[in-house]
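Student: mind folding the following:
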Amino acid sequence: SKIRTMMNKLSMVALLLAATVALAAASPSSSLIKETWLKTPQTQGWQLKSRADPSHKLELTVAVKQTNVAELEATLLRKADPDNVEEYGKWLSKEEVEALVAPKPESVEAVTAWLVEQGGVSRDALRLTGNGDFVVADVTVEVAERLLHAEYFTFEHETTGVEIVRVNGRYSLPAGVHRHVDFVGPTVRFPTVRLPVLKENKPNGLGGIITPAVLRDLYQVGSYSATNPKNIQACASFLGQFYSPQDLQSFFQQFDKESVGRTAELHGPNEPSNPGVEASLDIEYIMAMGNNVSTQFWSTAGQQPHSPQNEPFLKWLTDVSSAPNAPSVFSISYADYENTVYLPYAQRVNTEFQKLGLRGISLIAGSGDGGVSGAQPQPCTKFVPTFPAASPYITAVGGTTGSKPETAAGLSGGGFSNYWQRPSFQDSAIDQYFQVAKELPPKSLYNATMAGFPDVGAQALNYQVVYRGSVMNVDGTSCATPTFAALVAMLNDVRLQGGKSTLGYLNPLLYKHPEAFNDITSGDNPGCGTNGFQAAAGWDPVTGLGSMNWPAWAAIVKQLQ
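Tutor: Sure, this is the predicted structure:
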């Protein structure tokens, strides 16, 4: 019949396309460099140890170029604008977001053919996101080196002893694959290991310690308790940061008795006998402050024995992207120096943030603990923005301290991105800052025309954390992050109780209501041999719009569409 003849012709065309793509992908003669180190690993605290074992397993993740990314951004900004009563909060499903940015079929085929033809990976063994915009293959170092024309080495972090496997300098892709790919990981990126400041507690104390009760009082949350079962919050943990359920219960017993017995749902590996400070404070404070909100702990080890070697932040992004019922709020304990992150990688991560925001997911990240020098204190001659906090598509939390009034915590990362254009919803806030700010640092040290961060602030010093059975005193914007994330989760509960959507991408809404924040007007964030920026009336690049006045925000989100 005519239909059968047509189907046969289509099958033949498809086979020819696949064969052509495979041939282009498999041609090694014209390889192009895809990414190189932006800074040597040594400057980021990683020491080269030895050539990687050829049989070592890697989880190779290929980011396939997407389509319609400008439309994605425009759609998100429309639906996140509270003045747009027709569309505000009408988020898309996972499938609708995937369909919007789906790569071209030939791009997915080029990547899969290359992995199959040159890597010897079975097609059935490849793992693809719903639309094929990430393709993941478990391969040995030997195979990865052949695919990427690169050499893998083992590197060790000088402070923590964490070991990772990365390429030495750069990697390349065949020309027929190169144009279809944003990046491949794990390759050239070395994570910044966050080190919250840990202090032994003095039994008599000097006052000013932070507990859930102090935070509830400060931000006027009162005894509000979440009730909606669809409301889920989570903390994302990286590089072997685990928590101890025993420590969590001990924390509740001492600081939040009504939460005793509450547990978190685990996504990924955990080693209760080997907890980390970062993960401990994350889970303790997001659960205590998100009173009765269902909580998940998303762990990405980044290394064996839990999984093949991967790139933890990237692994988390692909996992959330693939999750049909992802939490509606994530507290993200990840901070890097923007100038160590390759721009095309940062751009793709930004797109992934937009995809999650459009699904009604709020992403909260710490602004860093190095003042204007970035994620951690470091010598610098120009201010260093924090990645991903400086992205306009994530809500960045700076640090405050004290009460009545709160002041800026000196460690609070903040400033202006060198990668991201300033979004229009920040215009009046940033313009006002430059009108009222005093003692501004030299203009040559930062780019005042770009996106500013942080967006908001929260307490960041003297948190009481149960760690390995003892109460410790912890500082860092990684304390402020789960606190603010939990307050957002409680606002989601208010929304869901009224039959409304979750808050999703927050930033356009936050900047519409500066009056609903406790304005922080004193303090600064030193670094790079300067005093950094000064806090001032309104938004500032130390504490953002200020800390949350929870009842004011509960009233706002209740009235919203």
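Student: just checking, Leu363 is part of a helix?
Tutor: No. Under DSSP: H, G, I helix; E, B strand; the rest coil, Leu363 sits outside any helix and is assigned strand.
Student: neighbours around it, how many?
Tutor: By the criterion of other Cβ atoms under 10 Å, Leu363 has 24 neighbours. Any C-beta I mention is one placed from the backbone N, CA and C, and that applies to glycine too.
Student: please name the nearest non-neighbouring residue to it.
Tutor: Distance criterion Cβ to Cβ, 6 or more residues apart in numbering; nearest residue to Leu363, sequence neighbours excluded, is Ile394 at 4.6 Å.
Student: which residues touch the one you found?
Tutor: Each residue near Ile394 by Cβ atoms under 8 Å, 6 or more residues apart in numbering is listed here: Ile332, Phe353, Leu363, Ile364, Ala365, Pro388.
Student: take these and lay them out in a markdown table including distance to Ala102.
Tutor: Listed next are the contacts of Ile394 as a markdown table, based on distance: Cβ to Cβ, whole Å:
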| residue | distance to Ala102 |
| --- | --- |
| Ile332 | 26 |
| Phe353 | 18 |
| Leu363 | 22 |
| Ile364 | 28 |
| Ala365 | 27 |
| Pro388 | 24 |
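Student: partner residues bridging the spatially most central residue of the chain?
Tutor: In the chain, the residue lying closest to the centroid (Cα atoms, centre = their mean) is Ile332, at 5.0 Å. For Ile332, the beta-bridge partners under DSSP bridges are Ala236, Ala365.
Student: can you pull out the helices in the stretch 401-550 of the chain?
Tutor: For the stretch 401-550 of the chain, the helices defined by DSSP state H, counting those that start in this stretch cover 427-436, 477-497, 507-512, 550-559.
Student: alpha carbons only: can I get the shortest one in PDB?
Tutor: Extracted in PDB, the C-alpha atoms of helix 507-512 (Å, rounded to 0.1, in the frame of the first residue of the first chain):
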ATOM      1  CA  ASN A 507      12.800  37.300  42.600                       C
ATOM      2  CA  PRO A 508      10.400  39.500  40.600                       C
ATOM      3  CA  LEU A 509       7.900  39.200  43.500                       C
ATOM      4  CA  LEU A 510      10.500  40.000  46.200                       C
ATOM      5  CA  TYR A 511      11.700  43.200  44.500                       C
ATOM      6  CA  LYS A 512       8.000  44.300  44.200                       C
END
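Student: what lies in contact with it?
Tutor: If you take Cβ under 8 Å, 6+ apart as the criterion, helix 507-512 is touched by 77, 80-83, 392-393, 395, 423, 425-426, 429, 455-456, 503, 539, 545, 560.
Student: kindly report the same for the last one.
Tutor: The list of residues contacting helix 550-559 from outside it, by Cβ under 8 Å, 6+ apart, reads 219-222, 224, 487, 490-491, 494-495, 498, 500, 503, 513, 515-516.
Student: ok, so of the contacts of Ile394, who is nearest Glu87?
Tutor: Phe353 (19.4 Å; Cβ to Cβ).
Student: tell me the SS of the closest one?
Tutor: Taken by three-state DSSP, the conformation at Phe353 corresponds to helix.
Student: I'd guessed it sits against Ser391; true?
Tutor: Yes. Counting by Cβ atoms under 8 Å, Ser391 is a contact partner of Phe353 at 6.2 Å.
Student: these two - which one has more neighbours?
Tutor: Neighbours per residue, other Cβ under 10 Å: of Phe353 and Ser391, the larger number sits with Ser391, 26 against 21.
Student: excluding its backbone neighbours, what's nearest that one?
Tutor: Closest residue to Ser391 apart from its sequence neighbours, by Cβ to Cβ, 6+ apart: Asn350 at 5.3 Å.
Student: if we can go back for a sec, check contacts around the residue nearest to the centre of the chain.
Tutor: So Ile332 contacts Cys235, Ala236, Leu363, Ile364, Ala365, Gly366, Pro388, Ile394, Thr481 (Cβ under 8 Å, 6+ apart).
Student: sorry, back to before: so which of the helices of the stretch 401-550 of the chain comes closest to Phe190?
Tutor: Proximity to Phe190 (Cβ to Cβ) singles out helix 477-497 among the helices of the stretch 401-550 of the chain, at 19.1 Å.
Student: can you list the buried residues in the closest one?
Tutor: Residues of helix 477-497 classed as buried: 477-496 (neighbour count, 16 or more other Cβ atoms under 10 Å).
Student: for that helix, packing partners?
Tutor: Under the contact definition 3 or more Cβ pairs under 8 Å, 6 or more residues apart in numbering; DSSP states H and E, helix 477-497 sits against strand 232-238, helix 277-289, strand 329-332, strand 362-366, strand 395-401, strand 456-459, helix 550-559.
Student: can you list the ones you listed in JSON lines and add distance to Val436 and mean pLDDT?
Tutor: Listed next are the helices and strands packed on helix 477-497 as JSON lines, based on distance: least, Cβ to Cβ, whole Å; pLDDT from 0 to 100:
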{"stretch": "strand 232-238", "distance to Val436": "35", "mean pLDDT": "94"}
{"stretch": "helix 277-289", "distance to Val436": "32", "mean pLDDT": "96"}
{"stretch": "strand 329-332", "distance to Val436": "31", "mean pLDDT": "97"}
{"stretch": "strand 362-366", "distance to Val436": "26", "mean pLDDT": "97"}
{"stretch": "strand 395-401", "distance to Val436": "18", "mean pLDDT": "97"}
{"stretch": "strand 456-459", "distance to Val436": "17", "mean pLDDT": "98"}
{"stretch": "helix 550-559", "distance to Val436": "22", "mean pLDDT": "98"}
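Student: pipe the ones you listed into JSON lines and attach distance to Ala63 per row.
Tutor: Listed next are the helices and strands packed on helix 477-497 as JSON lines, based on distance: least, Cβ to Cβ, whole Å:
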{"stretch": "strand 232-238", "distance to Ala63": "18"}
{"stretch": "helix 277-289", "distance to Ala63": "26"}
{"stretch": "strand 329-332", "distance to Ala63": "19"}
{"stretch": "strand 362-366", "distance to Ala63": "18"}
{"stretch": "strand 395-401", "distance to Ala63": "23"}
{"stretch": "strand 456-459", "distance to Ala63": "30"}
{"stretch": "helix 550-559", "distance to Ala63": "34"}
